[in-house]
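K.L.:
One predicted model, sequence on top.
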Amino acid sequence: MGRERVGEIRISRRTVQIGHEVYPLANISRVQSLRLVWGGRLATLYPLRQIAVTLLLAAVVVAAAGLVPRLGLDTGVDLDDLSRQVAAGAAVLAGVRIAYLLLVLLHRLLVRRSRYALMIETAGTQYAALSGTDENEIHRIKGEIVRAIEDPPAHDRVVQVHGDLVIGEKVGRDKYQVGGAGNSMTVNK
């Protein structure tokens, strides 16, 4: 259900049909469009925290590797050489992880598009009727539904849906929860 594209919305004198869902016009108490805000691990700036943790752990390992030869332990191993190898290995691993996290951050800042949802509330229950990245199309459909509530059409009307809007309450494979403040909802993972 989460990736089913919407081709058209049917508005009759008493109902609105979006895909296989039918909403009685008389029971719709609120129609709103919301911007999805990524939360948790999906948050845009989450990789910055991971970069800080990686830098801290790498610094601790490098510092510990630098202190071991100064302890004066008598082992059959060259501790200076071993500590340099451990420090270099930690630095390389931290560098690879930080490079990956920077790529994730750049993707989230430059490539990932904002997502929007059309919420229909009937009798106190909110339903995410549509979601997608086309904000103007979501607002246009919201206007059509509000117009039908205020002045029901005399004949059935078909509203063509354009863009990448899909039916339901999913973003990728993740179901989102309605929350947050104002005109946004949070996607947590």
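P.N.:
Looks like it came in fine.

K.L.:
In this protein, which helix is the longest?
P.N.:
When the chain is scanned for its longest helix (criterion: DSSP state H), the result is helix 79-106.

K.L.:
What strands flank whichever helix or strand comes after that one, and is each parallel or antiparallel?
P.N.:
Note on helix 79-106: by DSSP states H and E, the next helix or strand toward the C-terminus is strand 116-122. Using DSSP bridges, the strands paired with strand 116-122 in its sheet are strand 28-38 (antiparallel), strand 125-132 (antiparallel).

K.L.:
mind giving me the domain split of the protein?
P.N.:
8-40+114-187, 45-111 (automatic domain parsing).

K.L.:
one step back: between the strands paired with strand 116-122, which one is nearest to Val111?
P.N.:
strand 28-38 (13.3 Å; Cβ to Cβ). Backbone N, C-alpha and C define where each C-beta goes, glycine included.

K.L.:
packing partners for the following helix or strand past the closest one?
P.N.:
Next helix or strand after strand 28-38 toward the C-terminus (DSSP H and E): helix 46-67. If you count contacts as 3 or more Cβ pairs under 8 Å, 6 or more residues apart in numbering; DSSP states H and E, helix 46-67 packs onto helix 79-106.

K.L.:
among the strands paired with strand 116-122, which is nearest Arg5?
P.N.:
strand 125-132 (9.2 Å).

K.L.:
related to what we said a few turns ago, worst average pLDDT in the domains of the chain?
P.N.:
Note on those: lowest mean pLDDT is at domain 8-40+114-187, with a mean of 81.

K.L.:
That one: how far from the chain's middle?
P.N.:
Domain 8-40+114-187 has its C-alpha centroid displaced from the chain centroid by 18 Å (Cα atoms, centre = their mean, to the nearest Å).

K.L.:
distance of Thr122 from Val22?
P.N.:
Thr122 sits 11 Å away from Val22, going by Cβ to Cβ, to the nearest Å.
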